[in-house]
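Enquirer: Predicted model follows, preceded by the sequence.
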Amino acid sequence: MADKKKIELTKRDRFNVMWHSQFLQGSWNYERMQNGGFAYSMIPALRKLYPDKKDLSAAMQRHLVFFNTHPYLASPVLGVTLALEQDKANGTPVTDDAIQGVKVGMMGPLAGVGDPVFWYTVRPIVGALGASMAIAGNVMGPILFFVIWNVIRLAFLWYTQEFGYKAGSAITNDMSGGMLQKVTRGASMMGMFVLGALIERWVNIKFTPIVSQTPIQKGGYIEWDKLPSGAKGIQSALEQWNMGNGKALTSTKVTTLQDNLDQLIPGIAGLLLTFFCMWLLKKKVSPIWIIIGIFVVGVLFHVWGIL
């Protein structure tokens, strides 16, 4: 009996995947975010790899799970996934969990890289170049911005997808050596590192209940009734306060629950909230219900004076 003919994705197939990825956020949703766009991007490759309709349906279903990263940094993830799907279609023992593990492990760290590189560096530089020409009355300013930006963007999408494709092939060629497990573990570790930085930067919870009120000795706070009137009084108060490093604004030092928590472990409340949300997601709770729940609890806690 003849061996099954090996299916290989050509450069044209991979280019079609890159072109489809332009619409990665075309079906963005709050529950699974970019999953529809990712599955759509994979269609040209999956149709070739899985001629059988049942296998194609299973492959599409495999990529309809949660996925979210920077839209341009999804290209290396697509490249690795293409290689894994190709080897899976050719009989290599690549499990669905392995494919999902690589995707999840890569999307977190890459999401943290995309914004600083593209939104805060490349785009402002190219935009400043085009804007300077436009201000001078040169109509080529916006045209130049459009051309340069899209050349950089498309080149990045293509070459990083190709890099991911070659890296994915190396992973599956060393299945027995445990490279896939090493890559997944390394990506997960990097993802947790980025997650910790993002929590500290964006998750902000402050408990307002007062724990204690301690009188401040005279001379340690601003005596408002002794300040000169008008602008000189405001200037004197600001100089004494010294951006919070000088005298206190009131004669009583108020210590809140948040002050005590910050002295123990700064940011512990945000970290615990993040872990709680991760636990709910693991229990298959819909992200939409988690968002609604956080909103409702936050409003109620603010009304009750807890936050």
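Expert: Arrived safely.

Enquirer: average pLDDT across stretch 161-181?
Expert: When pLDDT is averaged over stretch 161-181, the result is 68.

Enquirer: Give me the contacts around stretch 30-43.
Expert: With Cβ atoms under 8 Å, 6 or more residues apart in numbering as the contact definition, stretch 30-43 has outside contacts at 17, 20-21, 23-29, 59-60, 63-69, 71, 74, 78, 81-82, 85, 286-288, 291. In short, each C-beta sits where N, CA and C put it, glycine included.

Enquirer: again, only this time at 6 Å
Expert: Stretch 30-43 is contacted from outside by 17, 20-21, 23-27, 60, 63-64, 66-68, 78, 287-288, using Cβ atoms under 6 Å, 6 or more residues apart in numbering.

Enquirer: gap between Ile117 and Ala111?
Expert: Not quite, residue 117 is Val, not Ile. Here the criterion is Cβ to Cβ, to the nearest Å. By it, Val117 lies 11 Å from Ala111.

Enquirer: can you check Ser75 too?
Expert: 13 Å.

Enquirer: Name the residue in the two with the higher neighbour count.
Expert: Ser75 (26 against 19; other Cβ atoms under 10 Å).

Enquirer: So which elements touch whatever helix or strand the more buried one lives in?
Expert: Taking DSSP states H and E as the criterion, Ser75 maps to helix 74-89. Judged by 3 or more Cβ pairs under 6 Å, 6 or more residues apart in numbering; DSSP states H and E, helix 74-89 is in contact with helix 35-49, helix 96-114, helix 140-173.

Enquirer: what does that helix rub up against?
Expert: 7, 9, 24, 41, 45, 49, 94, 99, 102-103, 106, 157, 160-161, 164-165, 167-169, 172.

Enquirer: Ok, stretch 152-166 next?
Expert: 18, 75-76, 78-80, 82-83.

Enquirer: I'd like the distance between the closest residue to Pro44 other than its chain neighbours and Asn260.
Expert: Closest residue to Pro44 apart from its sequence neighbours, by Cβ to Cβ, 6 or more residues apart in numbering: Asn16 at 3.9 Å. Going from Asn16 to Asn260 by Cβ to Cβ gives 58 Å.

Enquirer: okay, those two: which has more neighbours?
Expert: Asn16 (18 against 12).

Enquirer: what helix or strand is that one on?
Expert: helix 11-20.

Enquirer: got the angle for that helix vs helix 35-49?
Expert: 160 degrees (axes from the mean of the first three to the mean of the last three Cα atoms, to 10 degrees).

Enquirer: by contact count, what packs against helix 11-20?
Expert: Counting by 3+ Cβ pairs under 6 Å, 6+ apart, helix 11-20 packs on helix 35-49, helix 140-173.

Enquirer: any idea of the mean pLDDT in that helix?
Expert: 94.

Enquirer: thinking again about what came up before, surely the residue nearest to Pro44 and Leu46 touch.
Expert: No: look at Asn16 against Leu46 with Cβ atoms under 6 Å: they stay out of range, at 11.3 Å.

Enquirer: separation between Gly220 and Lys253?
Expert: 9 Å.

Enquirer: got it, and Glu200?
Expert: Taking Cβ to Cβ, one finds Glu200 at 26 Å from Lys253.

Enquirer: so where is this protein shaky, pLDDT-wise?
Expert: For the chain, the stretches flagged by pLDDT under 70 are 1-4, 169-198, 243-245.

Enquirer: show me what contacts the most far-flung residue of it relative to its centre?
Expert: In the chain, the residue that sits farthest from the middle, by Cα atoms, centre = their mean, is Lys226; the gap is 52.1 Å. Neighbouring residues of Lys226 by Cβ under 6 Å, 6+ apart: there are none.

Enquirer: Okay, it and Leu249: tell me how far apart.
Expert: For Lys226, the distance to Leu249 - Cβ to Cβ - is 14 Å.
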